[in-house]
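S.K.: structure here, sequence nowhere to be found:
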């Protein structure tokens with residue numbers, strides 16, 4: 001995002017409609033209670049209405065990091081290992097009489113559960129670390145701002161707004177052209193990562209999110225030290241993706257809006273797979289085996305792995321101090 005692009009987009013949006021009334025003063029769009037931030041640098045008195053609904057946990061600090069560190073990701077492994085041993089011995093003395101529900105054998109079943117648990121624990125740990133770690137208070141503030149705005153705009157404009165109605169056709173076209181150009185310039189690996197991080201958000205929501213963070217970045221990039229400008233550009237993309245994903249998903253579902261689709265599809269395949277395996281017709285059950293394995297992977301990916309991406313993405317910020325200060329800074333008249 002060049003300085004000229006940021007400036008042009010900012011000027012076009014100021015002449016738009018709808019969102020322009022919300023964007024110029026970020027905290028002013030919120031209520032007084034929502035925007036009551038005494039000190040972002042220390043994280044004190046942050047009362048923004050974020051959407052995090054997990055029960056707070058007390059984590060001790062050890063050597064500047066959240067304890068128990070990596071151990072919190074694997075606490076479920078001993079229980080699954082014990083269940084696997086008991087299950088395997090039970091099957092030895094009481095062989096299965098009905099065809100299996102899925103093609104996964106016991107190691108595959110418990111391996112999938114272990115992977116699900118690891119990603120779920122990592123998601124919880126990432127959110128808890130942002131909530132409690134002193135070094136991440138700027139990240140916590142940015143997250144709360146994004147979640148507050150997403151909740152407010154979702155209520156005001158809907159979950160799938162029309163960008164042209166809110167911003168005007170000229171500004172929307174400019175934003176879409178910029179987003180498309182940025183995507184075309186990515187490498188194949190970066191394009192895959194882009195889809196991993198953005199597929200949950202609607203295209204017009206991404207446009208609106210880019211508007212907000214481009215307006216913030218227009219002055220920030222120009223005033224920042226030269227050695228930190230690329231980091232700020234990176235952070236603006238991360239923040240806009242987080243805002244778009246948060247706006248596009250239901251807060252009560254914790255970012256897992258699409259988990260039900262592979263789950264329902266997997267359940268729907270079970271009776272057909274049972275019949276195919278009972279009939280012992282390879283041309284029937286082998287394609288269903290492949291489909292069920294794919295759906296199990298989709299359930300894990302759209303479940304805890306997307307939860308982890310949602311809660312940990314802001315930890316990739318490189319210049320959270322500058323971004324947080326840019327949000328707090330009064331708009332120049």
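M.R.: Happy to help now that I have it. Quantities reported herein were computed from a predicted structural model and do not represent experimental measurements.
S.K.: secondary structure element holding residue 176?
M.R.: helix 169-184 (DSSP states H and E).
S.K.: for that helix, name the packing helices and strands.
M.R.: The contact analysis (3 or more CB pairs under 8 Å, 6 or more residues apart in numbering; DSSP states H and E) places helix 169-184 against helix 3-14, helix 163-167, helix 203-223. Quick note: C-beta positions are derived from backbone N, CA and C, even for glycine.
S.K.: so what's the residue count around residue 83?
M.R.: 14 (other CB atoms under 10 Å).
S.K.: tell me the confidence at the residue lying closest to it once chain neighbours are set aside?
M.R.: Closest residue in space to residue 83, ignoring its immediate chain neighbours: residue 110 at 7.0 Å, by CB to CB, 6 or more residues apart in numbering. Confidence at residue 110, expressed as pLDDT, is 93.
S.K.: in the stretch 1-150 of the chain, mark out all the strands, start to finish.
M.R.: 61-62, 65-66 (DSSP state E, counting those that start in this stretch).
S.K.: shouldn't residue 234 be in contact with residue 318?
M.R.: Yes: with contacts counted by CB atoms under 8 Å, residue 234 reaches residue 318, the gap being 5.9 Å.
S.K.: what's the spacing between the residue nearest to residue 83 and residue 87?
M.R.: From residue 110 over to residue 87 the distance is 8 Å, taken as CB to CB, to the nearest Å.
S.K.: who's more crowded, the two?
M.R.: Set residue 110 next to residue 87 and count neighbours by other CB under 10 Å: residue 110 wins out with 19 against 13.
S.K.: first-to-last residue distance for stretch 194-212?
M.R.: End-to-end distance of stretch 194-212 (CA to CA, to the nearest Å): 19 Å.
S.K.: picking that back up, between the helix holding residue 176 and helix 203-223, how many degrees?
M.R.: 80 degrees (axes from the mean of the first three to the mean of the last three CA atoms, to 10 degrees).
S.K.: next one: stretch 227-236 to chain centre, how far?
M.R.: For stretch 227-236, the separation from the chain centroid amounts to 20 Å (computed by CA atoms, centre = their mean, to the nearest Å).
S.K.: contact partners of that stretch?
M.R.: 1, 213-214, 216-217, 220-221, 224, 316-320, 322-323 (CB atoms under 8 Å, 6 or more residues apart in numbering).
S.K.: just the residues you listed now: which is nearest residue 192?
M.R.: residue 316 (16.1 Å; CB to CB).
S.K.: for the closest one, what are phi and psi?
M.R.: phi -80, psi 0 (degrees, to the nearest 10).
S.K.: which parts of the stretch of helix or strand residue 276 belongs to are buried?
M.R.: Residue 276 belongs to helix 260-279 when assigned by DSSP H and E. Of the residues in helix 260-279, those buried under the neighbour-count criterion (16 or more other CB atoms under 10 Å) are 262, 266, 269, 273, 274, 276, 277.
S.K.: tell me how many other residues crowd residue 299.
M.R.: Counted with other CB under 10 Å, residue 299 comes out at 20.
S.K.: now it: closest residue in space that isn't a chain neighbour?
M.R.: Going by CB to CB, 6+ apart, residue 299 has residue 262 as its nearest residue, at 4.7 Å.
S.K.: so what's the residue count around the residue lying closest to residue 250 once chain neighbours are set aside?
M.R.: Sequence neighbours aside, residue 257 is the residue nearest to residue 250 in space, at 5.8 Å (criterion: CB to CB, 6+ apart). Using other CB under 10 Å, the number of residues around residue 257 comes to 16.
S.K.: also residue 165?
M.R.: 15.
S.K.: one more: residue 312?
M.R.: Residue 312: 16 neighbours (other CB under 10 Å).
S.K.: buried among the contacts of stretch 227-236? Make that a ChimeraX selection.
M.R.: Per 16+ other CB under 10 Å, the buried members of the contacts of stretch 227-236 correspond to this ChimeraX selection:
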select :1,213,214,216,217,220,221,224,317,319,320,322,323
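S.K.: what stretches of the stretch 101-250 of the chain score poorly on pLDDT?
M.R.: Filtered on pLDDT under 70, the stretch 101-250 of the chain yields no residues whatsoever.
S.K.: which residue is the nearest non-sequential neighbour of residue 261?
M.R.: In space, residue 261 is closest to residue 302, 7.5 Å off (CB to CB, 6+ apart).
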